[in-house]
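In: okay, predicted coordinates and the sequence, questions at the end:
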Amino acid sequence: MDSCNLLLSILFAFIGICSLYPSFVIGETNAQPAHLIVNASQGGSKIPDTLFGIFFEEINHAGAGGLWAELVSNRGFEAGGQNVPSNIDPWSIIGDESSVIISTDRSSLFERNKIALRMDVLCENKGCPTGGVGIYNPGYWGMNIEKGKSYKVIFYIKSLDSVDISVSLASTNGSQILATSNILASSSEVSNWKKVELQLEAKGTDHYARLQLTTTKKGVIWFDQVSAMPVDTYKGCGFRKELVQMLANLKPRFIRFPGGCFVEGEWLRNAFRWKESVGPWEERPGHFGDVWMYWTDDGLGYFEFLQLAEDLGSLPVWVINNGISHQDQVSTSSILPFVQEMLESIEFARGDANTKWGSVRAAMGHPEPFNLKYVAIGNEDCGKKNYRGNYLKFYDALKISYPDIKIISNCDGSSQKLDHPADMYDFHIYTSASRIFSMNHQFDHTSRTGPKAFVSEYAVTGTDAGMGSFLAALGEAGFLIGLEKNSDVIDMASYAPLFVNDNDRRWRPDAIVFNSWNQYGTPSYWMQQFFAESSGATLLNHVLQSNLSSSLVASTIKWRSSEDNTDYIRIKIVNFGGDAVNLKISLDGLTNSKDFTGSTKTILQSKNLMDENSFTEPNKVVPVQSLFENAGEEMDVTLPPHSLSSFDLLTKSNDLLISSVVDPVYSSAATA
């Protein structure tokens with residue numbers, strides 16, 4: 001090999017290293033200097049206890065077929081409407097028209113959902129197909145049935161004759177029975193509707209299984225309200241454990257629900273109505289969500305949302321319909337019945353067990369009131385013809401009956417004063433990564449008096465977002481740092497949407513992606529964990545000296561760990577630029593000499609800005625934490641290009657013993 005070829009080989013090898021490890025090469029050649037000076041004294045300002053939370057909307061089958069653990073889709077056969085005959089989708093027939101006929105009628109014992117399924121069995125014993133005839137339900141793109149786990153099945157049955165029913169959890173095509181039980185009942189036992197409850201333990205696993213109801217006995221049988229749920233749910237309250245745990249890992253201080261556009265409806269006749277979603281699950285009529293175009297049986301109803309907030313240790317933020325949908329509105333002169341609905345919803349949540357609606361809550365198993373303190377009047381309705389007039393009716397009624405409740409207006413008060421009273425105003429932003437990053441200054445010049453902001457929906461969307469890109473998370477992190485630094489005028493903030501079923505992506509991106517049996521967080525989900533300790537912390541003053549004001553933003557907080565009662569200083573920095581940054585960090589104002597042993601650093605970065613997580617690579621873009629070995633009152637760190645970095649400085653006095661040791665390097669995904 002001659003010298004020219006040798007030089008070319010070295011050059012190409014170097015280029016290869018650059019492409020694989022751009023931060024390494026850029027950090028060596030183009031690193032920009034910056035200096036962060038933190039006032040670490042006892043000063044600073046208190047961040048609201050409620051600053052970061054979550055927002056749930058029934059979109060993307062987030063609840064039905066997702067967070068709510070019900071496995072049966074269209075369990076009451078109501079999704080086809082109240083007229084008969086009706087579509088029973090996704091229920092399907094086992095057998096053919098010579099052996100069984102399936103139809104619907106209005107024979108249910110439940111007044112609010114009269115549709116039931118009628119099964120005329122035409123065959124008998126060996127004259128039936130192998131395995132019998134009947135119906136099966138595939139759930140929401142398959143039921144996740146796992147070996148060794150138990151599932152509670154409930155249904156109602158009626159027949160003119162005795163019955164012999166096989167209740168089975170079966171594989172995708174029904175060829176393998178994973179769990180089964182037989183129901184034998186005399187004609188006298190089932191001549192009127194009978195509730196059947198049983199528990200099945202799975203002997204095999206199929207992530208796309210189905211529930212089957214079959215028989216080989218000739219006759220006519222009616223079924224209604226067929227439910228199947230895993231026995232093991234989050235705190236026993238009916239929520240899918242692994243999905244709720246992902247929410248718990250964010251340490252949300254509030255949960256806004258149930259929408260979003262889901263609250264409004266395309267038409268008011270299809271809007272979410274809280275009264276239809278409480279009481280025994282069998283009696284709930286369900287409704288068609290005509291904004292996101294699918295049926296929900298409202299098993300995840302108003303009560304369950306309040307329960308979820310309590311289980312997460314979060315404050316509920318109840319979004320009510322103010323008589324406005326996307327396509328129709330109630331005039332202010334006719335709005336009082338809607339106002340009364342709102343007041344009764346609060347009585348349901350907060351009233352004594354001897355009040356009309358408090359007693360309904362108590363009968364559902366929660367005699368003590370829920371801690372409801374926030375009500376949002378409508379969703380994205382500011383500017384619509386009747387909003388202001390309707391809003392004032394709701395506002396006045398709330399202040400008279402529940403003066404402690406904080407009322408949230410749909411109108412943006414960040415740039416100009418509201419023309420109506422409110423405790424908070426709602427702010428939504430969906431935009432590009434670069435724009436949302438630049439909006440870290442959005443609230444710098446907002447009036448420091450008057451209603452506080454509730455940034456209840458934010459996210460990067462469009463080409464920058466893909467299905468949930470690292471670039472999106474990076475831009476959003478810069479925006480959140482701006483919210484944190486302006487937390488004197490911002491009370492709450494939440495990402496949207498929270499969940500997406502991979503089989504029904506109505507919106508992209510989303511924080512958490514799931515199917516019947518698996519789930520992962522997008523980079524935006526992991527980004528939010530950097531802010532999990534911010535609510536209630538102390539915002540420390542700092543000065544960032546650099547020429548990179550358009551691409552570098554930082555915040556510093558002091559927080560106390562509830563696990564070991566130890567104080568930390570957390571420095572978060574987003575480097576949105578393409579060059580590495582050599583950052584000098586100075587901590588001023590520490591009163592005593594400190595031992596920083598045990599401090600950590602956490603970095604979220606990726607080789608490609610458009611990198612995404614997936615079911616096959618769920619941890620492709622996740623934070624990586626390691627010991628921060630050069631932590632001290634003066635530190636030099638290198639911030640990789642396009643990165644979110646966090647430095648948790650353990651501020652112990654030298655005379656205190658080290659109480660814990662952090663593993664040298666780990667992916668925080670392992671703890672999710």
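Out: Yep, that arrived. Residues are numbered from 1 along each chain as shown.

In: helices of the stretch 501-650 of the chain, start to end?
Out: 523-529 (DSSP state H, counting those that start in this stretch).

In: over to the stretch 101-250 of the chain?
Out: Using DSSP H, counting those that start in this stretch, helices in the stretch 101-250 of the chain cover 187-190, 241-248.

In: got those helices as TSV, with mean neighbour count columns?
Out: Where you see a C-beta, it was placed from the backbone N, CA and C, and this is true even at glycine. Formatted as TSV, these follow (neighbours: other Cβ atoms under 10 Å):
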stretch	mean neighbour count
helix 187-190	14
helix 241-248	17
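
In: would you turn these into a markdown table with mean pLDDT?
Out: Shown next, in a markdown table, are the helices of the stretch 101-250 of the chain (pLDDT from 0 to 100):
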| stretch | mean pLDDT |
| --- | --- |
| helix 187-190 | 96 |
| helix 241-248 | 98 |
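
In: out of those helices, which comes closest to residue 179?
Out: Residue 179 sits nearest to helix 241-248 of all these, at 19.6 Å, using Cβ to Cβ.

In: switch the helices of the stretch 101-250 of the chain over to JSON lines; also include distance to residue 619.
Out: Listed next are these as JSON lines, based on distance: least, Cβ to Cβ, whole Å:
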{"stretch": "helix 187-190", "distance to residue 619": "52"}
{"stretch": "helix 241-248", "distance to residue 619": "14"}
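
In: those: which one's closest to residue 567?
Out: Using Cβ to Cβ, the helices of the stretch 101-250 of the chain put helix 241-248 closest to residue 567, at 23.5 Å.

In: can you give the strand pairings for the helix or strand just after the closest one, parallel or anti for each?
Out: Helices and strands here follow DSSP states H and E; after helix 241-248, the next one along the chain is strand 254-257. Neighbouring strands of strand 254-257 in its sheet, by DSSP bridges, are strand 54-55 (parallel), strand 315-320 (parallel).

In: which parts of the last one are buried?
Out: Applying a neighbour-count criterion of 16 or more other Cβ atoms under 10 Å, one finds 315, 316, 317, 318, 319, 320 buried in strand 315-320.

In: and the average pLDDT for that strand is what?
Out: Strand 315-320 carries an average pLDDT of 98.

In: tilt between the helix or strand just after that strand and strand 315-320?
Out: Sequence-wise, the next helix or strand downstream of strand 315-320 (DSSP H and E) is helix 336-350. Calculated by axes from the mean of the first three to the mean of the last three Cα atoms, to 10 degrees, helix 336-350 forms an angle of 160 degrees with strand 315-320.

In: to the chain's geometric centre, what's the distance from helix 336-350?
Out: 25 Å (Cα atoms, centre = their mean, to the nearest Å).

In: residues touching that helix, excluding its own?
Out: Applying Cβ atoms under 8 Å, 6 or more residues apart in numbering, the external contacts of helix 336-350 come out as 273-275, 278, 302-303, 306, 316, 318, 320-323, 330, 355-358, 360-361, 369-370, 372, 375, 390, 393-394, 397-398, 401-402, 405.

In: show me the residues you listed that map onto helices.
Out: Among those, the members found in helices (DSSP state H) are 302-303, 306, 356-358, 360-361, 390, 393-394, 397-398, 401.

In: closest to residue 182 out of those residues?
Out: Distances from residue 182 to the ones in helices among the contacts of helix 336-350, taken by Cβ to Cβ, are shortest for residue 303, at 34.2 Å.

In: contacting residues for the closest one?
Out: Here residue 303 is in contact with 277, 278, 348, 361, 364, 366 (Cβ under 8 Å, 6+ apart).

In: now that we have those, which of them are buried?
Out: Using 16+ other Cβ under 10 Å, the buried members of the contacts of residue 303 are 277, 278, 348, 361, 364, 366.

In: among those residues, which one sits closest to residue 250?
Out: Closest to residue 250, out of all of the buried ones among the contacts of residue 303 and judged by Cβ to Cβ, is residue 366, at 24.3 Å.

In: that's a helix at residue 89, yeah?
Out: No: counting by DSSP: H, G, I helix; E, B strand; the rest coil, residue 89 is not found in a helix; it is coil.

In: if I look at it, how far off is residue 138?
Out: 10 Å (Cβ to Cβ, to the nearest Å).

In: follow-up on the earlier one: of the contacts of helix 336-350, just the buried ones, PyMOL syntax please.
Out: Filtering those down to the buried ones (16+ other Cβ under 10 Å) takes a single PyMOL command:
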select buried, resi 273+274+278+302+303+306+316+318+320+321+322+323+330+355+357+358+360+361+369+370+372+375+390+393+394+398+402+405
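
In: picking up where we left off before, identify the farthest-apart pair in the contacts of residue 303.
Out: 277 and 366 (14.8 Å).

In: point out where this structure drops to low pLDDT.
Out: 1-29, 593, 652-672 (pLDDT under 70).

In: just give me the longest strand of it.
Out: strand 219-230 (DSSP state E).

In: tell me what angle that one forms with helix 241-248.
Out: 40 degrees.

In: of all the strands paired with strand 254-257, which one comes closest to residue 568?
Out: Short answer: strand 54-55, nearest of the strands paired with strand 254-257 by Cβ to Cβ, at 23.3 Å.

In: next structured bit after that closest one?
Out: Defined by DSSP H and E, the subsequent element after strand 54-55 is strand 92-94.

In: note down every partner strand of that next one and its orientation.
Out: The strands beside strand 92-94 in its sheet (DSSP bridges) come out as strand 133-137 (antiparallel).

In: residues in contact with the partner strand?
Out: Contacts of strand 133-137 (Cβ under 8 Å, 6+ apart): 72-75, 88, 90-95, 99-100, 102, 117, 119, 121, 123, 165-166, 170, 174, 210-216, 223, 226.

In: for stretch 148-157, same thing?
Out: For stretch 148-157, with Cβ under 8 Å, 6+ apart as the criterion, the contacting residues are 71, 109, 145, 163, 165, 167, 169, 179, 183, 185, 190, 193-202, 211, 213, 221-232, 282.

In: can you report how many residues lie near the closest residue to residue 222 other than its chain neighbours?
Out: Once flanking residues are discounted, residue 222 sits nearest to residue 158: 4.3 Å by Cβ to Cβ, 6 or more residues apart in numbering. Here the number of neighbours of residue 158 (other Cβ atoms under 10 Å) works out to 20.

In: correct me, but residue 158 touches residue 189?
Out: No: counting by Cβ atoms under 8 Å, residue 158 does not reach residue 189; the two are 10.2 Å apart.

In: for residue 477, give me its contacts.
Out: Residue 477 makes contact with 527, 530, 572, 574, 604, 644 under the criterion Cβ under 8 Å, 6+ apart.

In: same question for residue 294.
Out: 61, 64, 288, 504 are the contacts of residue 294 under Cβ under 8 Å, 6+ apart.

In: how many other residues sit next to the closest residue to residue 387 other than its chain neighbours?
Out: Spatial nearest neighbour of residue 387, chain neighbours left out: residue 381 (4.6 Å); criterion: Cβ to Cβ, 6+ apart. The number of residues packed near residue 381 is 26, by other Cβ under 10 Å.
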